[in-house]
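*Asks:* got a structure for you, letters missing:
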């Protein structure tokens, strides 16, 4: 992958989904690709051209977790900036929240993810970017200082725009 | 410009700015490039990698209109989809509103725009996408049916996400 070919060579427009089950567990994926590879993240990815954002989030979540979510609602837009081995990356991620009553099958293998887990927040070592997103969605309540210091440790510049 | 090289070959993350003066006039640019070339639009353009969205909107507005705006606030995210001669285009535009007390100089020549004008809404033939944006910002009050029929005539699929 060269910088010229990478989708991270430009600002990437993406989506992510918080999927909560009846027990309050959230679906996480162990990401294999991109600037945050090797971390537990919320499922999501790039919007494909011509694909509305709400369709994109359902597709990405289904591809990665197998969960079919029908009640996604957007709650925030995140701007994420930092540097990885390819150079600078810059993401604009539209974040949705939805629910499921399904359980991910043991044998499930998601696209481009090393692992998938439905877990209580706190039962997995979360990536620094998860803290703000989960708190904004009302799924967790990390303090501003915890969020700020986690992002600073990863040298990530993160800004939220709250969607009504 | 080929499809492979064009910045419109992927979802484009951009910004636009509504700049209102003390007389209620709004800054418009006559766009020379992109899917809406040949129309009066709000100034804006693509976010450059590593450049925060609020910096991008100040830069784009300054490049196109010469106006230095210091009080931009985000109010909505727009998803715009359609087709032009290159093929499908898909834009995610973060929209800001700000004010100015400056008047654009008669001799001003903006980057990549054919003309620049500070005008009352209604004194220029606006592009269909302007109607929703100006109404959301409280600068105009086009009806939902006027907005819907203008967009339908241009075969544009437009959705707003309101920023708190």
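*Replies:* Sure thing, it's come through. The shown structure was predicted, so the numbers you read here are calculated from the model rather than taken from an experiment. Residues are numbered from 1 along each chain as shown, chains lettered A, B, ... in the order given.
*Asks:* hey, which helix or strand in chain A has the poorest pLDDT?
*Replies:* strand A:113-119 (a mean of 94; mean pLDDT, DSSP states H and E).
*Asks:* in that strand, what counts as buried?
*Replies:* Judged by neighbour count (16 or more other Cβ atoms under 10 Å in any protein chain shown), strand A:113-119 contains these buried residues: A:113, A:116, A:118. Using the backbone N, CA and C atoms, a C-beta is placed for each residue, glycine as well.
*Asks:* pLDDT at residue A:1, what is it?
*Replies:* Here the pLDDT value assigned to residue A:1 is 46.
*Asks:* an error on my part: the question was meant for residue A:112.
*Replies:* 87.
*Asks:* my read is residue A:77 is in a strand, agree?
*Replies:* Yes - membership of residue A:77 in a strand is supported by DSSP: H, G, I helix; E, B strand; the rest coil.
*Asks:* which strand residues bridge it?
*Replies:* Residues in a beta bridge with residue A:77, per DSSP bridges, are residue A:94, residue A:161.
*Asks:* how many neighbours does it have?
*Replies:* Counted by other Cβ atoms under 10 Å in any protein chain shown, the residues lying close to residue A:77 total 22.
*Asks:* for it, give me its contacts.
*Replies:* A:92, A:93, A:94, A:95, A:160, A:161, A:163, B:77, B:94, B:161, B:163 (Cβ atoms under 8 Å, 6 or more residues apart in numbering or on different chains).
*Asks:* again, only this time at 10 Å
*Replies:* A:53, A:92-95, A:159-163, B:53, B:74, B:77, B:92, B:94, B:161, B:163 (Cβ atoms under 10 Å, 6 or more residues apart in numbering or on different chains).
*Asks:* so where do the helices sit in chain A?
*Replies:* A:53-65, A:128-136, A:144-153 (DSSP state H).
*Asks:* any idea which of the ones you listed is most buried?
*Replies:* helix A:128-136 (a mean of 23; mean count of other Cβ atoms under 10 Å in any protein chain shown).
*Asks:* ok, is it in contact with chain B or not?
*Replies:* No - for a cut-off given as Cβ under 10 Å from any Cβ of the partner chain, helix A:128-136 has no contacts with chain B; the smallest distance is 11.1 Å.
*Asks:* what residues are up against residue A:109?
*Replies:* A:66, A:115, A:116.
*Asks:* possible to save those as CSV with distance to residue B:30?
*Replies:* Formatted as CSV, the contacts of residue A:109 follow (distance: Cβ to Cβ, whole Å):
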residue, distance to residue B:30
A:66, 49
A:115, 53
A:116, 50
